[in-house]
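S.K.: No sequence on hand, only this structure:
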């Protein structure tokens with residue numbers, strides 16, 4: 001089948017888990033593919049994915065082979081695949097713009113980014129790298145709140161003629177203007193803001209849908225999250241959280257029987273706890289009324305390693321994007337976006353999104 005050639009912007013914890021997974025799920029695990037939603041998608045297996053270009057702004061990563069860079073500080077995710085051979089792909093200096101929050105300078109170097117002292121590339125230079133690398137799609141793993149930087153790389157993808165997978169809560173696929181531009185260029189796009197394989201949002205959505213199906217009136221709910229990776233440190237700057245809170249909140253609101261008033265729902269990051277590293281802890285509470293208006297409440301604590309949780313979904317999004325390229329499908333991939341992302345252009349229940357994505361993979365649904 002050949003390789004699926006990808007470029008990545010942001011060689012942080014999520015990229016580290018994804019690249020580890022590409023090597024971890026090799027042919028020797030075909031009969032024991034624990035942790036994958038799909039071993040095979042359209043003939044493509046995880047090990048068919050190849051990183052051909054990478055961008056970052058941290059001096060400990062820029063200039064190093066991707067296979068080394070994914071283990072550099074401040075990355076702190078679980079290492080489940082150590083034996084990764086050199087890729088021959090060097091991490092290039094990326095565009096900073098708003099991809100770095102100034103408050104992060106106040107933290108120890110092993111917790112935060114250390115900006116490389118190199119010239120930032122122009123749009124033309126990034127496009128040139130993408131074209132020469134043979135990349136078929138660009139994955140966005142920039143920090144939350146990187147509005148300008150995300151649009152810069154989305155534009156680079158358009159100009160390079162490659163697909164775009166937007167894993168962060170900056171609204172590109174769910175922006176009609178950007179969506180149309182990708183469609184007009186004949187390129188697929190999946191977005192926005194990747195769901196975890198089994199994380200806070202998917203659990204919250206599933207329980208909210210269960211309340212609706214079982215006739216339980218949901219009256220109030222919160223989802224509080226803590227973590228110790230650079231994502232949580234970055235989000236201490238509350239000015240960067242507007243799209244993140246909207247994305248996570250709408251993911252839950254979209255499956256309620258009746259939309260909750262703003263004061264009755266709180267979903268979002270709560271605090272940075274350095275020693276948690278890449279472990280994310282979610283505290284979830286849901287209050288409602290049962291038969292006869294009798295009150296009930298549910299409390300749940302979920303602890304997961306954040307970045308492998310994300311990679312388990314990204315590895316499928318990449319392969320679905322490849323199918324779209326092969327089939328000549330342009331614009332938003334609505335089914336994969338609804339299943340893989342928190343803030344897709346069109347929201348569906350997870351049961352519906354799962355069914356639609358399976359039909360897309362089988363070629364029974366265009367997008």
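M.R.: Perfect, I can see it now. This structure is a prediction, so every number in the text was calculated from the model and none was measured.

S.K.: Please enumerate the helices of the stretch 251-367 of the chain.
M.R.: 306-327, 334-340, 350-362 (DSSP state H, counting those that start in this stretch).

S.K.: and the longest one with helix 350-362, angle?
M.R.: Read it as helix 306-327. 40 degrees (axes from the mean of the first three to the mean of the last three Cα atoms, to 10 degrees).

S.K.: mean confidence for helix 306-327?
M.R.: The average pLDDT within helix 306-327 is 98.

S.K.: The shortest one too?
M.R.: Confidence over helix 334-340 (mean pLDDT, whole number) is 98.

S.K.: Point out the other helices and strands that it packs with.
M.R.: strand 188-190, helix 306-327, helix 350-362 (3 or more Cβ pairs under 8 Å, 6 or more residues apart in numbering; DSSP states H and E). C-beta coordinates here come from the backbone N, C-alpha and C atoms, glycine included.

S.K.: Between the ones you listed, which one is closest to residue 338.
M.R.: helix 350-362 (3.9 Å; Cβ to Cβ).

S.K.: Any buried residues in the closest one, and which?
M.R.: Neighbour-count burial for helix 350-362 flags 350, 353, 356-357, 360-361 (criterion: 16 or more other Cβ atoms under 10 Å).

S.K.: So for residue 77, what pLDDT did the model give?
M.R.: The model's pLDDT for residue 77 equals 98.

S.K.: My guess is it contacts residue 309. True?
M.R.: No. Residue 77 lies out of contact with residue 309 (Cβ atoms under 8 Å); the separation is 9.9 Å.

S.K.: Could you pull out the strands in the stretch 101-250 of the chain for me?
M.R.: Secondary structure of the stretch 101-250 of the chain, counting by DSSP state E, counting those that start in this stretch: strands at 137-140, 163-166, 188-190, 217-227.

S.K.: Need the winner for burial among those strands.
M.R.: strand 188-190 (a mean of 30; mean count of other Cβ atoms under 10 Å).

S.K.: for the nearest residue to residue 62 once chain neighbours are set aside, what are its contacts?
M.R.: Nearest-residue entry for residue 62: residue 116, 4.4 Å, with adjacent residues in sequence omitted and distances by Cβ to Cβ, 6 or more residues apart in numbering. Contact partners of residue 116, counting by Cβ atoms under 8 Å, 6 or more residues apart in numbering, are 57-59, 62, 93.

S.K.: can I get the residues you listed in JSON lines with pLDDT?
M.R.: Formatted as JSON lines, the contacts of residue 116 follow (pLDDT from 0 to 100):
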{"residue": "57", "pLDDT": "98"}
{"residue": "58", "pLDDT": "98"}
{"residue": "59", "pLDDT": "98"}
{"residue": "62", "pLDDT": "98"}
{"residue": "93", "pLDDT": "98"}
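
S.K.: still on that earlier bit, just the buried residues of helix 350-362 now: which is nearest residue 26?
M.R.: residue 361 (21.6 Å).

S.K.: elements contacting the least confident helix or strand in the chain by mean pLDDT?
M.R.: In the chain, no helix or strand scores lower on mean pLDDT, DSSP states H and E than strand 265-272, which sits at a mean of 91. Judged by 3+ Cβ pairs under 8 Å, 6+ apart, strand 265-272 is in contact with strand 217-227, helix 230-234, helix 242-253.

S.K.: List the neighbouring strands of that strand plus their orientation.
M.R.: strand 217-227 (parallel) (DSSP bridges).

S.K.: Could you count how many residues lie near the residue nearest to residue 202 when sequence neighbours are not counted?
M.R.: Counting by Cβ to Cβ, 6+ apart, residue 202 lies nearest to residue 195, which is 5.3 Å off, once chain neighbours are set aside. If you count neighbours by other Cβ atoms under 10 Å, residue 195 ends up with 27.

S.K.: hang on, the earlier thing: out of the contacts of residue 116, which end up buried?
M.R.: Buried among the contacts of residue 116 (16+ other Cβ under 10 Å): 57-59, 62, 93.

S.K.: Just want to check the distance between the residue lying farthest from the centre of the chain and residue 286.
M.R.: Here the centre of the chain is the reference, and by Cα atoms, centre = their mean the most remote residue is residue 292, at 41.5 Å. Per Cβ to Cβ, to the nearest Å, residue 292 is found 19 Å from residue 286.
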